[in-house]
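Novice: Output the structure for:
(one chain, ligands or ions: 2)
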Amino acid sequence: MKRYGTSANSMTRSKARGALSALADVLFPPSCLACGDLIREETGAVCFCTPCGEGLNLLEPPICSICGKSLEGGFREDTQRLCVDCLLRPPFFPRARSMGKYEGPLLEALHLFKYRKNITAGERLAKMMSRWALDLPDLHDFDLVVPVPLHPAKLRKRGFNQSLILARRISQTCSIPLDATILVKVSDGDPQVELGRKERKANVRNRFTLSKGKSASGLKILLIDDVYTTGSTVGECARILLKGGAREAAVLTLARA
Ligand SMILES: [Zn+2]
Ligand SMILES: [Zn+2]
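Specialist: Ligands and ions are numbered 1, 2, ... in the order given. A predicted model of the protein is given here:
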C-alpha cells in the first residue's frame, strides 16, 4: 500500500504530474469527458464542454440536511429538512454532500474514469470536485481526508482506487492531510449494485476495519467516495471511524444515484 501513501516522494511525484498535465493541456486542449468535443479554454471548465456543463444536474437546495438527498418533491418544515430515511434512521454521519446527480454527463465521465480506467479523466473530475468542495461551509474544520478503501483484490484488479484519486486532490486543494490507509476493507462480498437499501446495509456490515496501529481518536474526518447510492458504504465507514474514537465523520461524494 506504500505507493498510495503521503510520503514526501509521492508529493514530489504529484507536483511533477501536475506540471506535466498543465503542459499537456497546452499541447492538447482537453476534450469534454462526456461527448469528446474540445473544451474552449475561455470557459475555464475542467471537465465538460458548455452544452454538457449545462446538462449537469448539480445538487442544490432544498436537500436533506443530513444525507443531502434532493427534496425537490417538497418537505415538511417540522422535519427540519430531513428526508424520511434520515428522520426514521439517522445515519452515522452528520452530513453527506454530493456534487451532482449520477446521470447525464457526470455519469458518462465517471464511467470513463472508473470502468474504462481513464485516470486523466479521474484527475480532472477530482479537480472539479475539489473546486466545488472549497465552497462548502466548515471545510477548514476537518483534520483528515479519508477515501473509502477498496478491497486489496479489487484494487489489484482495477489498478487504482477511484476514491483515493478524488480524495488526494481534495486534500491538496483544501489543505487537509490525507490518510489513505487508516481504513481497510477486509472483505468483499456480493456487489452492492443489485441490492436494496436494507440488504446493502447488512451486506457492508463489518467489511471495513481500522488499520492496525492507527487511531482515529478525536479526529474530525472527511470521508470521500465516488458515488453515494443508499449511503450504506459510507455509513459503515463512518461507524468504524466513530468506533475508533473519531469525533465526527462527514461525507463528500462526486455523484449521487
Ligand atoms: Zn460535451
Ligand atoms: Zn436524508
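
Novice: Quickly note the distance from the closest residue to ligand 2 within the stretch 101-250 of the chain to ligand 1.
Specialist: Proximity of the stretch 101-250 of the chain to ligand 2 (CB to the ion) peaks at residue 231, 8.0 Å away. The C-beta positions use only the backbone N, C-alpha and C, and glycine is treated the same way. As judged by CB to the ion, to the nearest Å, residue 231 and ligand 1 stand 30 Å apart.

Novice: Correct me if wrong: that residue contacts residue 66.
Specialist: No - Residue 231 lies out of contact with residue 66 (CB atoms under 8 Å); the separation is 9.3 Å.

Novice: how close does the closest residue to residue 109 other than its chain neighbours sit to residue 51?
Specialist: Excluding the flanking residues, the one nearest residue 109 by CB to CB, 6 or more residues apart in numbering is residue 33, at 3.7 Å. Here residue 33 is placed at a distance of 13 Å from residue 51 (CB to CB, to the nearest Å).

Novice: swap in residue 57?
Specialist: 14 Å.

Novice: Check residue 89 too.
Specialist: Taking CB to CB, one finds residue 89 at 40 Å from residue 51.

Novice: And the strands in the stretch 151-257 of the chain, which stretches?
Specialist: 183-185, 208-210, 220-228, 248-256 (DSSP state E, counting those that start in this stretch).

Novice: List the buried residues for stretch 199-210?
Specialist: Neighbour-count burial for stretch 199-210 flags 200, 201, 203, 204, 207, 208, 209, 210 (criterion: 16 or more other CB atoms under 10 Å).

Novice: show me the contacts for the fourth one.
Specialist: Under the criterion of CB atoms under 8 Å, 6 or more residues apart in numbering, the contact list for residue 204 reads 192, 232, 233, 235, 236.

Novice: about what we covered before: which one's more surrounded, residue 33 and residue 51?
Specialist: The residue with more neighbours, out of residue 33 and residue 51, is residue 33; 27 against 12, by other CB atoms under 10 Å.

Novice: List phi and psi for that one.
Specialist: phi -70, psi -10 (degrees, to the nearest 10).

Novice: Run through the residues that contact the residue in the stretch 101-250 of the chain that ligand 1 sits nearest to.
Specialist: Taking CB to the ion, ligand 1 has its nearest neighbour within the stretch 101-250 of the chain at residue 105, 6.4 Å off. When contacts are counted by CB under 8 Å, 6+ apart, residue 105 touches 32, 33, 34, 35, 48, 52, 53, 55, 56.

Novice: hmm, 6 Å instead?
Specialist: Residue 105 makes contacts with 34, 48, 52, 55, 56, as judged by CB atoms under 6 Å, 6 or more residues apart in numbering.

Novice: Ranking by neighbours, what's the top pick from the residues you listed?
Specialist: Most surrounded of the contacts of residue 105: other CB under 10 Å gives residue 48, at 27 neighbours.

Novice: Wait, a helix at that one?
Specialist: No - Residue 48 is assigned coil when assessed by DSSP: H, G, I helix; E, B strand; the rest coil, not a helix.

Novice: pLDDT at it, what is it?
Specialist: On the pLDDT scale, residue 48 is placed at 97.

Novice: close enough to count as contact, it and residue 32?
Specialist: Yes - shown here, residue 48 and residue 32 form a contact pair, counting by CB atoms under 6 Å, at 5.2 Å.

Novice: quick revisit: the residue nearest to residue 109 contacts residue 45, correct?
Specialist: No - using CB under 6 Å, residue 33 is not in contact with residue 45, being 10.1 Å away.

Novice: The stretch 1-150 of the chain against ligand 2: which residues are in contact?
Specialist: 64, 66, 67, 69, 83, 86 (CB under 5 Å from the ion).

Novice: now, which of the residues you listed sits nearest residue 157?
Specialist: Residue 157 has its nearest neighbour among these in residue 67, at 29.9 Å by CB to CB.

Novice: Kindly indicate whether the closest one is helix, strand or coil.
Specialist: Secondary structure of residue 67, per three-state DSSP, is coil.

Novice: so who does it touch?
Specialist: Neighbours of residue 67 in contact, by CB under 6 Å, 6+ apart: 86, 96, 231.
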